[in-house]
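A.B. asks: The following comprises the amino acid sequence and a computationally predicted model.
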Amino acid sequence: MSEKPKKDDQGKKPFEWTPEIIKALLESLVPYVDKYLLMKERESTQDNKFIETTSKHDRRIIYVLLSFLGSVIIGMSILTYFGKVSGEALLFAVGGIVGYIFALIKRFIFGSQRSVTENSNSE
């Protein structure tokens with residue numbers, strides 16, 4: 001079973017990629033590539049500003065929290081020195097605060113990302 005060529009295809013040559021056609025195609029794509037690169041540059045600039053702003057905010061919060069926790073430890077130490085609070089209470093408070101500081105540092109270093117097993121279960 002041989003197929004006969006259609007009437008429309010009989011007089012046409014197959015399309016050939018010549019260097020001039022390729023050059024014209026690439027030149028027509030230049031404005032779109034420039035727009036894409038400009039968009040990506042602006043996006044990265046905005047991402048950098050966002051990261052800088054959030055890191056400054058996180059640093060300020062850490063300073064406030066650590067100064068508050070330090071003042072609690074100093075206050076409890078003074079009360080323990082004068083005999084108003086037992087040493088066990090001071091030890092309990094210091095242990096809780098140190099645990100909280102470790103959890104805070106872990107969250108800022110590793111972020112609050114979900115684990116691999118949680119990601120695979122949700123899909």
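C.D. replies: Cool, the structure landed.
A.B. asks: quick one: the spatially most central residue of the chain from residue 44, how far?
C.D. replies: Nearest to the geometric centre of the chain sits residue 51, at 8.1 Å (C-alpha atoms, centre = their mean). Applying C-beta to C-beta, to the nearest Å, the value for residue 51 to residue 44 is 10 Å. For every residue, glycine as well, the C-beta is placed using N, CA and C.
A.B. asks: so how many other residues sit close to residue 66?
C.D. replies: Close neighbours of residue 66, defined as other C-beta atoms under 10 Å, add up to 13.
A.B. asks: I'd assumed residue 101 was in contact with it.
C.D. replies: Yes - Residue 66 is within contact range of residue 101, at 7.4 Å (criterion: C-beta atoms under 8 Å).
A.B. asks: Let me know the next secondary structure element after the top helix by length along the chain.
C.D. replies: In the chain, taking DSSP state H as the definition, the longest helix is helix 19-81. Sequence order places helix 87-110 as the next helix or strand after helix 19-81, per DSSP states H and E.
A.B. asks: buried sites along that following helix?
C.D. replies: Using 16 or more other C-beta atoms under 10 Å as the burial criterion, the residues of helix 87-110 that qualify are 90, 93, 97.
A.B. asks: which one among these gets closest to residue 33?
C.D. replies: For residue 33, the nearest member of those is residue 97. The distance, counting by C-beta to C-beta, is 55.2 Å.
A.B. asks: so how far is residue 17 from residue 105?
C.D. replies: 59 Å.
A.B. asks: my bad, should have said residue 34
C.D. replies: Look at residue 34 and residue 17: by C-beta to C-beta, they are 24 Å apart.
A.B. asks: cool, residue 111 as well?
C.D. replies: As judged by C-beta to C-beta, residue 111 and residue 17 stand 49 Å apart.
A.B. asks: Could you do residue 70 as well?
C.D. replies: From residue 70 over to residue 17 (counting by C-beta to C-beta), the distance is 72 Å.
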